[in-house]
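Enquirer: Task: produce atomic coordinates for the following.
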Amino acid sequence: MELTVIRRAMIEHATSERTAREDVVIERMAMERAVIELVAMERTMIECVAMECTVKKSVGMECAATERTARECTTIESAATALALA
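Expert: Sure thing, here's the model as predicted:
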């Protein structure tokens, strides 16, 4: 009977050790996944900033083009008015 108790205690101890090792592995995997997610999030943020800069630059270029077109139209209109008056 005493041997059975000792054997049961040893089995329980081995089981708890295995469970502890499994818990450590699971925790390590969770930490690795968290780090991977963090890196991905940072990369996404960098990409978003880059896209935002590109959009701003594009809008700036469009704005400049619109202003240039408006100036050209004004110049043409002035020339047409001068011709009409001449």
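
Enquirer: Is residue 77 in a helix, a strand, or coil?
Expert: helix (DSSP: H, G, I helix; E, B strand; the rest coil).

Enquirer: Tell me how many other residues surround it.
Expert: 10 (other CB atoms under 10 Å). Every residue, glycine included, has its C-beta placed from N, CA and C.

Enquirer: and if you look at residue 86?
Expert: As a measure of burial, residue 86 has 5 neighbours, counting by other CB under 10 Å.

Enquirer: ok, residue 40 to residue 27 distance?
Expert: 20 Å (CB to CB, to the nearest Å).

Enquirer: Repeat that for residue 15.
Expert: From residue 15 to residue 27 the distance is 18 Å (CB to CB).

Enquirer: just the helices in this protein please.
Expert: For the chain, helices defined by DSSP state H occupy the ranges 2-85.

Enquirer: residue ranges with poor pLDDT in it?
Expert: Along the chain, no part satisfies pLDDT under 70.

Enquirer: Centroid-nearest residue for it?
Expert: residue 44 (1.5 Å; CA atoms, centre = their mean).

Enquirer: and the gap between that one and residue 27?
Expert: 26 Å.

Enquirer: Same question for residue 74.
Expert: Applying CB to CB to residue 74 and residue 27 gives a distance of 70 Å.

Enquirer: Next: residue 57.
Expert: Taking CB to CB, one finds residue 57 at 45 Å from residue 27.

Enquirer: repeat for residue 70
Expert: 64 Å.

Enquirer: cool, and residue 20?
Expert: Residue 20 is 10 Å from residue 27, by CB to CB.

Enquirer: and if you look at residue 59?
Expert: Taken as CB to CB, the span from residue 59 to residue 27 is 47 Å.

Enquirer: Check residue 80 too.
Expert: 78 Å.

Enquirer: One more: residue 33?
Expert: 11 Å.

Enquirer: Residue 53 now?
Expert: Taking CB to CB, one finds residue 53 at 39 Å from residue 27.

Enquirer: One more: residue 7?
Expert: 30 Å.

Enquirer: do residue 18 as well
Expert: 15 Å.
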